[in-house]
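Engineer: generate coordinates for the sequence data below:
(chains A and B, ligands or ions: 2)
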Amino acid sequence: MSNKHVNAIVVGAGAGGGVVAKVLAEAGLSVVLLERGRWQNFHDTGDDELISQRSPKLTRAPGPENKPSRKAHEFDNGSYGVVTPNNVACVGSGTVTYGAQAWRFMPQDFRMKSIYGALDGSTLDDWPISYEDLEHCYDRAEWEVGVAGDDTANPFAGQRARSRPMPAFPYDREAQLLIPGMQRLGWHPFPIPMLRNSIPYGGRPQCIHMRTCCGYACPVNAKCGTQNTVIPAALATGLCELRTDAVVSEVMVDDQGRASGVKYFDINDRLQEQSADLVVLSASASGTARILLSSKSKLFPGGAGNNNDWVGRNLQGHCYVGAFGLMNEQVYEEAGPGASVAFCDFNHGNPGLHGGGMLANDFIIMPYSFTHQRPAGAARWGIAHKKFQREQYKHFIRVVGPVQEMPVFDNRVMLDPQKRDYWGIPLLRTSGTKHPHDAEIGQFIAGKAEQLLQEVGAKSIQRSAPSPASRRSAGGGQHQAGTCRMGDDPKSSVTNRYGQLHGIDNLFVADGSLNVANGGFNPVLTIMALGFWVGEYIAREWRGGGRFRT
Amino acid sequence: MKRKKEAGSSRRDCLKILAAAAGGVAAGVGGAKLVGRLGAPPSGPWLVLTQSEADLVDLVTEQIIPADEFGGASAAGVVNFIDQQLSGPYREQTQSYRAGLKRIEETSREMFGRVFEALQWDEQTRVLQALESGKASKKIWSDQDAAGFFRMVCDHTMQGYYGSPKHGGNRNYVSYRMMGLEYPRVIGQNRYDSV
Ligand SMILES: Cc1cc2nc3c(=O)[nH]c(=O)nc-3n(C[C@H](O)[C@H](O)[C@H](O)COP(=O)(O)OP(=O)(O)OC[C@H]3O[C@@H](n4cnc5c(N)ncnc54)[C@H](O)[C@@H]3O)c2cc1C
Ligand code: SF4
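Structural biologist: Numbering: from 1, shown residues only, chains lettered A, B, ... in the order given. Ligands and ions are numbered 1, 2, ... in the order given. Now for the predicted structure:
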């Protein structure tokens, strides 16, 4: 059985892929959107802490399924083994269960090398595009997916053409407590921008403030992901077909070096071929690299776009750092989900450091996860444990953020030489050791969190940041990025500034893989913006009649 | 094919359980009325553990989260949680449990001349402290890390006590009541009041 030829295939219905599918379908291209997972909603997972994305102990919901999707990992002691998957697989991917922080990177995040210079042991570089290039795409993401926020109190934000479509959420109790402290320290608090409805928007209701948000699907559809915004919009054009349970194994590249389509395993594990005029990979930083490396052809024996051996390299995650403390007064409130106020005073310009990071109060911690939060020396079990749970849960406050991670050439995903998954596709293997400078930045930023907690009178303050002396193995996880970086020079990048593979004109990448440097912010809004950026370029060329036929 | 079927049926079970939990919501929000609704925790038959292993797990986990004015691990059915998970996601830990439980008995005999079940509360605590601090006899724990084993049981106890009741522990939402958290939640309702 053969599938009808289409104009475009988009692989992965996550943050980047959902956006690209919409842009292409609205431009009149016929699109097949292939996603290995399924539709998921709150009723599939509920508010079960032990299976949530934040603390997946018994399983990880939604997906990917444990056994069929395992991967290989090299540990920091050099040993290596097969581990359970740690990303998401469903329509919307992480945007179904994310915390929904909607950050634009700062202009400096795109010019890291120009600002800070080279760093030994790192491939730190400038993006080939600037914040200004991407500004209108950020704007589209904010309006077409939906963001609540207000930057007027943040002097460090880049210029914007207009405000966000929804007003910021009001500050929660923790924020109200932290803000005077920030102000006394001379810092600049402002409300965290959120991909959540602060007012009814996009035909969906306003947020009802649960305790569980980050790590869980939304029961009332007030969280804005690609699954309830751009993907339905793509489907509504009548030009986009979404196929779920479709596991893509490779891009078919012909002997002339053109992508002719993809191979994938359908819901019945049958191998299918789908042909198209062009292919966009949006399978996440690990997934996209895996597919490219698996796509071996005459002109690209080491995988599509990999003749210079850059595919899969420079894998970044985020070093998440901060501090917690205990307040005398109750800070907990039933109206969730936490994560309300942030400041960007230390994203850049920190003496001796190549970057920094944003800090914010954290999402409400759930009871089981709270058992791991203890000041040094506190009892971990027995009646003292129980007393701490009961007496301190509502007094616990945590300030955290992601810090700039220095890209390293040898931090990478690659194909495991021996092991294969359920479908016979080589397992993805992560390897490499993180750059020690990340931990130096992390210690500095965690120190700022500690300083703030001291300022507001917290007790038993505990810092969490890796020690610069520790070896930390590279890994992707929730904020994975960088494995197919964009750049002007084909020798030191995988795609050009439009996500188009160097050397394969009709093969594109549109996801976190493109990020040259991953910013001191959660990355999803930037990935959505890149979806618009790549999609608009393809649509423009398509309309111009170029159609990527060289 | 098999893979898909398994995933499908477990999801349906999940839904049924959620529906049952939702029934609980209607019956009595806020805890008090829920006390005892589910009766005493099950006392077997067990899926994986033998009866004597289960008895021992019950005592060990009760040490980890003891009863005070709120029930401890035993009343919360933590052994039930652990037994269920050992037949599922924690299958690979079954051997480690079997061996570790035997070694707890041996450690207890070596320290106090009696099996764990026969010890006073404080003596039991001291056995577990010996495990935790790595001071338990290396002869007994020759090829198993006592501290690592204890850490694992401790973490599983926390999961059973604080996790969702649908996995077999946290009966009657005892941990949520202990922490003063409103549960189960009537989604939305309480929010419209407070926002
Ligand atoms: C719990 C959680 C909280 C988060 N909170 C935030 C936050 O507050 N703010 C923020 O900015 N970011 C957050 N993130 C991160 C954010 O979700 C990711 O950065 C983002 O989704 C990545 O976008 P992407 O397009 O690169 O990949 P994804 O969105 O992961 O999309 C990739 C898609 O491709 C599919 N796929 C992979 N391989 C294949 C294949 N071979 N065949 C077919 N399909 C395939 C996957 O199933 C997936 O659906 C969070 C993530 C999680 C999990
Ligand atoms: S906090 Fe708001 S957006 Fe988040 S899950 Fe609850 S209702 Fe949805």
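Engineer: B:F149 touches B:L131, doesn't it?
Structural biologist: Yes: using CB atoms under 8 Å, B:F149 is in contact with B:L131, at 6.9 Å. Heads up, the C-betas are built off the backbone N, CA and C, glycines and all.
Engineer: state the helix or strand in which the closest residue to A:A458 other than its chain neighbours lies.
Structural biologist: Leaving out its chain neighbours, the residue that sits closest to A:A458 by CB to CB, 6 or more residues apart in numbering or on different chains is A:G325, at 2.8 Å. Element membership for A:G325 (DSSP states H and E) is strand A:319-326.
Engineer: which neighbours does whichever helix or strand comes after that strand have in its sheet, and in what orientation?
Structural biologist: Remark: after strand A:319-326, the chain's next helix or strand is strand A:341-343, criterion DSSP H and E. Strand A:341-343 has its sheet partners listed here by DSSP bridges as strand A:190-191 (antiparallel), strand A:359-361 (antiparallel).
Engineer: which other residues reach the shortest one?
Structural biologist: Outside strand A:190-191, the residues that touch it by CB atoms under 8 Å, 6 or more residues apart in numbering or on different chains are A:149-154, A:168-169, A:171, A:175, A:340-343.
Engineer: what's the closest of these to B:T107?
Structural biologist: A:S340 (48.4 Å; CB to CB).
Engineer: quick one: mean pLDDT for stretch B:41-48?
Structural biologist: For stretch B:41-48, the mean pLDDT works out to 86.
Engineer: next one: stretch A:449-462
Structural biologist: 98.
Engineer: residue of the stretch 101-250 of chain A nearest chain B, please.
Structural biologist: In the stretch 101-250 of chain A, the residue that lies nearest chain B is A:I208 (4.4 Å; CB to the nearest CB).
Engineer: before we move on, the earlier item: which one of the strands paired with strand A:341-343 is the most hemmed in?
Structural biologist: Across those, averaging neighbours per residue (mean count of other CB atoms under 10 Å in any protein chain shown) puts strand A:359-361 on top, at a mean of 29.
Engineer: could you find the closest non-adjacent residue to A:W310?
Structural biologist: Leaving aside its chain neighbours, A:W310 sits nearest to A:V494 (5.1 Å; criterion: CB to CB, 6+ apart).
Engineer: which residues are in contact with A:P407?
Structural biologist: A:122-125, A:314, A:316, A:435, A:482, A:485, A:516-517.
Engineer: let's see it at 10 Å
Structural biologist: By CB atoms under 10 Å, 6 or more residues apart in numbering or on different chains, the contact set of A:P407 is A:112, A:119, A:122-125, A:313-316, A:435, A:481-483, A:485, A:515-518.
Engineer: over to A:Q101?
Structural biologist: With the criterion set at CB under 10 Å, 6+ apart, A:Q101 makes contact with A:147, A:149, A:192-196, A:214, A:339, A:342, A:358, A:360, A:363, A:401-402, A:521-525.
Engineer: and it, its phi and psi?
Structural biologist: Backbone torsions for A:Q101, taken as degrees, to the nearest 10, come to phi -70, psi 130.
Engineer: same deal with A:E241?
Structural biologist: Taking degrees, to the nearest 10 as the convention, A:E241 sits at phi -110, psi 130.
Engineer: near it, how many other residues are there?
Structural biologist: Applying other CB atoms under 10 Å in any protein chain shown, we find 17 residues neighbouring A:E241.
Engineer: follow-up on the earlier one: find residues that contact each of B:F149 and B:L131.
Structural biologist: B:100, B:103-104, B:141.
Engineer: the residue nearest to A:T483 when sequence neighbours are not counted in helix, strand or coil?
Structural biologist: Distances taken as CB to CB, 6+ apart put A:A289 closest to A:T483, at 4.1 Å, once the chain neighbours are dropped. Using DSSP: H, G, I helix; E, B strand; the rest coil, the three-state assignment for A:A289 comes out as helix.
Engineer: give the contact list for A:A289.
Structural biologist: Shown in contact with A:A289 (CB under 10 Å, 6+ apart): A:281, A:283, A:303, A:305-306, A:310-313, A:315, A:412-415, A:428, A:476, A:480, A:482-484, A:494, A:509, A:513.
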